[in-house]
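# Next come a sequence and a model predicted from it.
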2 protein chains.
Amino acid sequence: MKPKKRVTIYDIAERLNITASSVSRALNNSNHVNEETKKLVLKTAAELNYKRNVLASNLRMGKSHTIGVVVPRINQNIFSNVIAGLEEVTNQQNYNMIICQSNESVAKEIKCVNALVNQHVDCIVISMSVETEDISHLRNVIDHGIQLIQFDRVATELETLKVINDNEQASMEAVEHLIKQGYKRIALLEGPQNLNIFKQRRDGYLKALKKHNIAVADELIMKNAWTKELGATATRQLLSLPQPPDAIFASTSDFSALGVLDVAHDMNIQVPSQLGICGYANEAFTELTNPSITTIDQFSMHMGRTIANLYFDELNNSEVAVTPKVISLKPELIIRSSTLRKG
Amino acid sequence: MKPKKRVTIYDIAERLNITASSVSRALNNSNHVNEETKKLVLKTAAELNYKRNVLASNLRMGKSHTIGVVVPRINQNIFSNVIAGLEEVTNQQNYNMIICQSNESVAKEIKCVNALVNQHVDCIVISMSVETEDISHLRNVIDHGIQLIQFDRVATELETLKVINDNEQASMEAVEHLIKQGYKRIALLEGPQNLNIFKQRRDGYLKALKKHNIAVADELIMKNAWTKELGATATRQLLSLPQPPDAIFASTSDFSALGVLDVAHDMNIQVPSQLGICGYANEAFTELTNPSITTIDQFSMHMGRTIANLYFDELNNSEVAVTPKVISLKPELIIRSSTLRKG
DNA sequence: CTGAAAGCGCTTACAG
DNA sequence: CTGAAAGCGCTTACAG
């Protein structure tokens, strides 16, 4: 089947006996064009069902009206929500999004970022893979004059726009909540410390203990416990200590909290009376477990919207920007049964 | 900061004292170019860190190497998995994806589809919104010579490539499983019947009853029960019947199955002994509820990969295509505690 | 095998 | 306010 021929500005120009220049100006609402002409052009464009050829326009303007997004995994709660939020705003602004997943691999992340640069995207929105340490591929983005926005998992040392969560504060509140519930030996499941988010959550934990004059017990801090399986393994280790913890803060994710809960069930340990459990991320399932799991909501869809709005704000007042803006969102502690042993 | 100047084919041509034509031919691995020249060009391109300007190439070729995706919701399990699967393949092929969400609204869906047509995408992958009845916006896609691939929620009457699940078969297996577990009065929570997937699930239900000579009781078929809340409401109604059901097949989603389970808990009805419950979609939480919920897995990530592969296969043998291909994937019944009352 | 030229459809600096 | 012209960076039919 022969595809429909698309209408160009030349077709409109011909109809009205003017040049393509004027048509273009009218369509772009330039003020170097007669009001009458403008009206006529718009009317004719509508009649002929004209659609601007974005490919041509993009080439000419040297920008693609496209935002590239790189996340570790598209189908992970926080990221699919951030993407949904981004889509909402970018779509409204007639911008496109190209989405890539790094699968938590630096190599793939570099490949994605370079492909996006190559695509002449106007902006790259990224949350780093767990492996990422060297960030020269991100510097390269900036060198190409492409706006870079980091979110959630960011490289602090790189001066870019950032949208982050106040992980330290949230983590501190979670631990204080545990303390107020009377838990005395609170263990921490922490994630890879090269990711800033996990470092901050650790800092929040330490800060809360310090504030309440509780000594830090190194054997209660479990490294790299950021999946359900690793969370379960760490929990078994913790519970076999001479002085086991009476609460576990799975600061890495609700999945690792789920691992804790599983082990508790297996070992017939009562939650929350014998063991308190707090997760991170407010995954849908935390409401459904038995008992339901206390966790921290990050409002990820809102985060997505915030990132997109930040981009468009910067775009419109590009001159004003003095220092790289950082927007810190406040997560919220969601208290559920797994930590409620007092009223 | 001044952005890096990008290297063009003219820079390479100048270096080698040949024309841009030859450079282009060499880079595109045309066979109308000397082997020596080709090698030289590729070497120089690498040295200068040349990257093809896709914007220009796309304009010239009249194609964008981009696939547009329209789904009801990005952050819904099945769709975010399909997208992840799509990304895996398209990324490998150096294609881009533009993703839109219709939010279950036809108006938004039409807007998305038109925007994608306008973007000159090479292919549109779509799963319809619940509201969609008129499909002229999809016909319009085909009229523009753009490949259209429907998946999951498809308009059967429209002859396009399709990747679907065998909903009828899966539904029938689920109901047969319930029958074999000794359930006698099996209720159905069904979804909006303008969506083919829900019609097929209903058909599977009817087929299973017929096969086992069980009379259909109209009062056991509840319309439009496709969210947790609607599922709960329908369940309350069902359980207050003079002859209430002893099993409920929430064919619309696991969320509605969750609504059923909630009501059962509230009314102190034992699952699975007094009431069997089967959901649809194998959402992560179905494993975690108490009891865990029997459901149907759709392998959505695999579905995404299948769609992308279908597109590239067609692209490469565009001449061979005789009749619009339909790929039907077989979902799998996942049997869990909520329906197991025999061994 | 290679070059010269045209063209994809737009936008915009330059004249008038 | 409008037109004529150049150019974004490629690709490809046409000559040779």
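Received it, and whenever you're ready, just let me know what you need. Numbers count the residues shown, from 1 in each chain, chains lettered A, B, ... in the order given.

# Remind me what the helix or strand of chain A with the lowest mean pLDDT packs against, helices and strands.
Comparing helices and strands within chain A by mean pLDDT, DSSP states H and E singles out strand A:96-101 as the least confident, with a mean of 88. For strand A:96-101, the contact count by 3 or more CB pairs under 8 Å, 6 or more residues apart in numbering or on different chains; DSSP states H and E identifies strand A:66-71, helix A:77-92, helix A:106-118, helix B:77-92, strand B:96-101 as packing neighbours. Where you see a C-beta, it was placed from the backbone N, CA and C, and this is true even at glycine.

# buried set for it?
Judged by neighbour count (16 or more other CB atoms under 10 Å in any protein chain shown), strand A:96-101 contains these buried residues: A:N96, A:M97, A:I98, A:I99, A:C100, A:Q101.

# now do stretch A:305-321
Counting neighbours by 16+ other CB under 10 Å, stretch A:305-321 gives A:R305, A:T306, A:I307, A:A308, A:N309, A:L310, A:Y311, A:E314 as buried.

# Same question for stretch A:158-169.
By neighbour count, with 16+ other CB under 10 Å as the criterion, the buried positions of stretch A:158-169 are A:T160, A:L161, A:K162, A:V163, A:I164, A:N165, A:N167, A:E168, A:Q169.

# Turn these into JSON lines, including secondary structure, pLDDT and distance to B:D262.
As requested, these are arranged in JSON lines below (DSSP: H, G, I helix; E, B strand; the rest coil; pLDDT from 0 to 100; distance: CB to CB, whole Å):
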{"residue": "A:T160", "secondary structure": "coil", "pLDDT": "94", "distance to B:D262": "45"}
{"residue": "A:L161", "secondary structure": "strand", "pLDDT": "95", "distance to B:D262": "43"}
{"residue": "A:K162", "secondary structure": "strand", "pLDDT": "96", "distance to B:D262": "40"}
{"residue": "A:V163", "secondary structure": "strand", "pLDDT": "97", "distance to B:D262": "36"}
{"residue": "A:I164", "secondary structure": "strand", "pLDDT": "96", "distance to B:D262": "36"}
{"residue": "A:N165", "secondary structure": "strand", "pLDDT": "96", "distance to B:D262": "31"}
{"residue": "A:N167", "secondary structure": "helix", "pLDDT": "97", "distance to B:D262": "33"}
{"residue": "A:E168", "secondary structure": "helix", "pLDDT": "97", "distance to B:D262": "36"}
{"residue": "A:Q169", "secondary structure": "helix", "pLDDT": "97", "distance to B:D262": "34"}
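
# Quick check: the gap between the residue in the stretch 51-200 of chain A positioned nearest to DNA strand D and B:D122.
When distances are taken as CB to the nearest atom of the strand, the stretch 51-200 of chain A reaches nearest to DNA strand D at A:R60, 3.6 Å away. Separation of A:R60 from B:D122 (CB to CB, to the nearest Å): 21 Å.

# So which residues on the stretch 151-300 of chain A come close to DNA strand C?
Within the stretch 151-300 of chain A, no position is near DNA strand C by CB under 7 Å from any atom of the strand.

# Which parts of the stretch 151-300 of chain A are helices?
In the stretch 151-300 of chain A, the helices defined using DSSP state H, counting those that start in this stretch lie at A:167-180, A:196-211, A:228-239, A:254-266, A:300-316.

# between the ones you listed, which gets nearest to B:M267?
Closest approach to B:M267 among the helices of the stretch 151-300 of chain A is made by helix A:254-266 (25.6 Å; CB to CB).

# Can you get me a residue count around the residue of the stretch 51-200 of chain A closest to DNA strand D?
Neighbours of A:R60 under the rule other CB atoms under 10 Å in any protein chain shown: 11.

# Break chain A into its domains for me.
Domain assignment for chain A by automatic domain parsing gives A:9-52, A:64-165+A:300-330, A:167-298+A:333-339.

# Compile those domains into a markdown table and extend it with columns for distance to DNA strand D.
What follows is the domains of chain A, written out as a markdown table (distance: least, CB to the nearest atom of the strand, whole Å):
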| stretch | distance to DNA strand D |
| --- | --- |
| domain A:9-52 | 3 |
| domain A:64-165+A:300-330 | 9 |
| domain A:167-298+A:333-339 | 37 |
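
# so where is the stretch 1-150 of chain A shaky, pLDDT-wise?
For the stretch 1-150 of chain A, applying pLDDT under 70 flags the ranges A:1-4.

# Go again with 80.
Counting by pLDDT under 80, the ranges of the stretch 1-150 of chain A that qualify are A:1-5.

# Which positions in it make contact with DNA strand C?
Proximity of the stretch 1-150 of chain A to DNA strand C is assessed by CB under 7 Å from any atom of the strand, with A:6, A:8-10, A:20-21, A:24-25, A:27-28, A:50, A:52-53, A:56-57, A:59-61 identified as the residues in range.

# how about stretch A:93-100 as CSV, C-alpha atoms only?
Extracted in CSV, the C-alpha atoms of stretch A:93-100 (Å, rounded to 0.1, in the frame of the first residue of the first chain):
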residue,chain,number,x,y,z
GLN,A,93,5.6,19.6,26.4
ASN,A,94,5.8,17.6,23.1
TYR,A,95,9.1,16.1,24.0
ASN,A,96,10.1,12.5,23.5
MET,A,97,11.8,10.2,25.8
ILE,A,98,14.2,7.5,24.9
ILE,A,99,14.6,5.0,27.6
CYS,A,100,17.5,2.7,28.2
